[in-house]
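*Asks:* Pasted the sequence and its predicted model underneath.
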Amino acid sequence: MRNLNEDTITQAVLERNSGMKDSRLKEIMASLIQHLHAFARETRITEAEWEAGIRFLTEVGQTCSPTRQEFILLSDTLGLSTLVTAQNHRKPPGCTEATVFGPFYVDDAPDYELGADVGNGMHGEPCFVSGQVRSITGEAIPGAKLEVWQADSDGFYDVQKAGGPQQGRGTLHANSAGRYHFQSIVAESYPIPHDGPVGRMLEAMGRHPWRPAHLHFMVSAEGYETLVTHVFRDGCQYLDSDAVFGVRSSLIANWVRHDAGTGPNGTACSTPYYSLAFDFILNPVADAARRSA
C-alpha cells in the first residue's frame with residue numbers, strides 16, 4: 001500500500017493486521033487502532049505533542065521497578081483500573097464490592113494465626129480488626145483465606161522501604177465459623193508516589209495525589225469468586241476525591257476509638273486504640289459465571 005494519507009491510513013493498518021489468527025487479539029487491536037487514530041484526528045495532535053506523549057510513556061516505563069509499578073499508577077489515576085474492575089466484577093446486591101488492586105500487593109506475605117499482630121512493628125496507633133466471611137446466601141465460609149496489606153502512619157508500604165521487614169501485610173484463615181480477627185495499626189490517608197511522571201501529570205491537571213485511609217483485602221475460598229477490595233475509614237477528607245477513584249459507599253466503615261486499656265485480644269494498650277468490624281460477603285463462582293456470560 002502506497003501514498004496513504006490521513007483519510008486512508010486507518011483502514012490500511014486494519015487490513016494489514018487482518019491475518020491475525022487469535023480472534024480476541026484481532027478484536028482488541030482493531031478497536032485500539034481505530035480509537036488511537038480517532039483520538040489523533042479529533043485533537044489534531046501536533047508532532048511536538050506526539051513526541052511529548054512518547055517521552056512521557058517512556059519515563060513511566062523507566063520509573064517501574066520491582067517495588068514500584070508506575071503503569072498501574074497511571075491506569076489508576078486515569079480511572080481505567082476502576083473501569084476494568086467494575087466491568088469484570090459485577091455482583092448481586094449484598095455482596096461486598098470489589099475495587100482497585102493497587103501497586104503494592106506481594107504474593108509472599110507471611111502467614112499469621114488469628115489474633116496476631118500483622119503490623120509487625122509498623123509505626124501507627126494500634127487497631128484491632130475483626131469480622132466474618134459469609135456467602136451471599138448467609139452461611140459462614142470456614143477457612144476463607146484473607147490477605148491484608150496497608151501503609152504505615154507516614155503513608156508508606158513496607159515494599160517502599162528497601163531492606164526492611166515485611167510489615168502491615170499478612171495472610172490469615174478464618175475459623176470454622178468464618179470469623180477472623182487480627183491486630184494492626186490505624187489506617188491513615190496517604191499520597192500515591194508522585195515524584196515521577198504520573199505525579200507530574202496530576203500536577204499539570206490540577207489534581208492531588210491523595211488516597212483516603214484504607215485497608216486492602218483479598219479474600220478467597222473454594223467455590224467463590226475471589227474478592228479484591230478496600231475498607232475505607234469513615235470521615236476521611238479524601239473519600240470524595242480519591243486519586244484512583246476507588247471509593248464505594250458500601251466499603252466505608254467506622255474505626256471506633258477506645259481509651260487505653262486491654263484490647264480485644266487481651267493485649268495491654270497503654271495508649272488509646274481503635275477497633276474495626278467488617279464482614280465480607282462473597283459471590284459463588286457459578287453466579288459470577290452467569291453474570292459475566
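*Replies:* Ah, there it is. Numbers count the residues shown, from 1 in each chain.
*Asks:* how far does stretch 154-166 stretch from start to finish?
*Replies:* End-to-end span of stretch 154-166 (C-alpha to C-alpha, to the nearest Å): 16 Å.
*Asks:* right, I mislabeled it, should have said stretch 241-252
*Replies:* Stretch 241-252 stretches 14 Å from its first residue to its last (C-alpha to C-alpha).
*Asks:* Next, the buried residues of it.
*Replies:* Residues of stretch 241-252 classed as buried under the neighbour-count rule (16 or more other C-beta atoms under 10 Å) are 242-247, 251-252. The C-beta positions use only the backbone N, C-alpha and C, and glycine is treated the same way.
*Asks:* mind putting these in CSV, distance to H258 and secondary structure included?
*Replies:* Listed next are these as CSV, based on distance: C-beta to C-beta, whole Å; DSSP: H, G, I helix; E, B strand; the rest coil:
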residue, distance to H258, secondary structure
D242, 28, coil
A243, 31, coil
V244, 31, coil
F245, 33, coil
G246, 28, coil
V247, 26, coil
L251, 23, helix
I252, 20, strand
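*Asks:* Just give the number of residues close to K145.
*Replies:* 18 (other C-beta atoms under 10 Å).
*Asks:* L215 in helix, strand or coil?
*Replies:* Taking DSSP: H, G, I helix; E, B strand; the rest coil as the rule, one finds L215 in the strand state.
*Asks:* With V13 instead?
*Replies:* V13 is classified as helix under three-state DSSP.
*Asks:* and the residue nearest to it when sequence neighbours are not counted, what element?
*Replies:* Leaving aside its sequence neighbours, V13 sits nearest to I33 (C-beta to C-beta, 6 or more residues apart in numbering; 5.4 Å). Assessed by DSSP states H and E, I33 sits inside helix 23-43.
*Asks:* Counting by contacts, list what that helix packs against.
*Replies:* Contact here means 3 or more C-beta pairs under 8 Å, 6 or more residues apart in numbering; DSSP states H and E; on that basis helix 23-43 packs against helix 9-16.
*Asks:* Hey, what's the angle from the helix it packs on to helix 23-43? Just curious.
*Replies:* Helix 9-16 and helix 23-43 are oriented at 170 degrees to each other (axes from the mean of the first three to the mean of the last three C-alpha atoms, to 10 degrees).
*Asks:* How about helix 9-16, which residues are buried there?
*Replies:* 10, 13.
*Asks:* Let's check: the centremost residue of the protein is which one?
*Replies:* Nearest residue to the geometric centre of the chain (C-alpha atoms, centre = their mean): F101, 2.3 Å.
*Asks:* L227 is in contact with that one, correct?
*Replies:* No - checked against C-beta atoms under 8 Å, the pair F101 and L227 is beyond contact range at 11.2 Å.
*Asks:* SS state for T82?
*Replies:* The local conformation at T82, judged by three-state DSSP, is helix.
*Asks:* and E70, what does it touch?
*Replies:* 60-61, 63-64, 193, 196-198 (C-beta atoms under 8 Å, 6 or more residues apart in numbering).
*Asks:* Which of the residues you listed ranks first by neighbour count?
*Replies:* The most crowded member of the contacts of E70, judged by other C-beta under 10 Å, is V198 (26 neighbours).
*Asks:* Burial check on the residue nearest to N175 when sequence neighbours are not counted, number of neighbours?
*Replies:* Once flanking residues are discounted, N175 sits nearest to L114: 6.4 Å by C-beta to C-beta, 6+ apart. Look at L114: counted by other C-beta under 10 Å, it has 15 neighbours.
*Asks:* Over to R211?
*Replies:* For R211, the tally of surrounding residues (other C-beta under 10 Å) stands at 27.
*Asks:* from memory it sits against E188, does it?
*Replies:* No - checked against C-beta under 8 Å, the pair R211 and E188 is beyond contact range at 10.0 Å.
*Asks:* Tell me the pLDDT of the nearest residue to S270 once chain neighbours are set aside.
*Replies:* Leaving aside its sequence neighbours, S270 sits nearest to A260 (C-beta to C-beta, 6+ apart; 5.7 Å). In this prediction, A260 carries a pLDDT score of 92.
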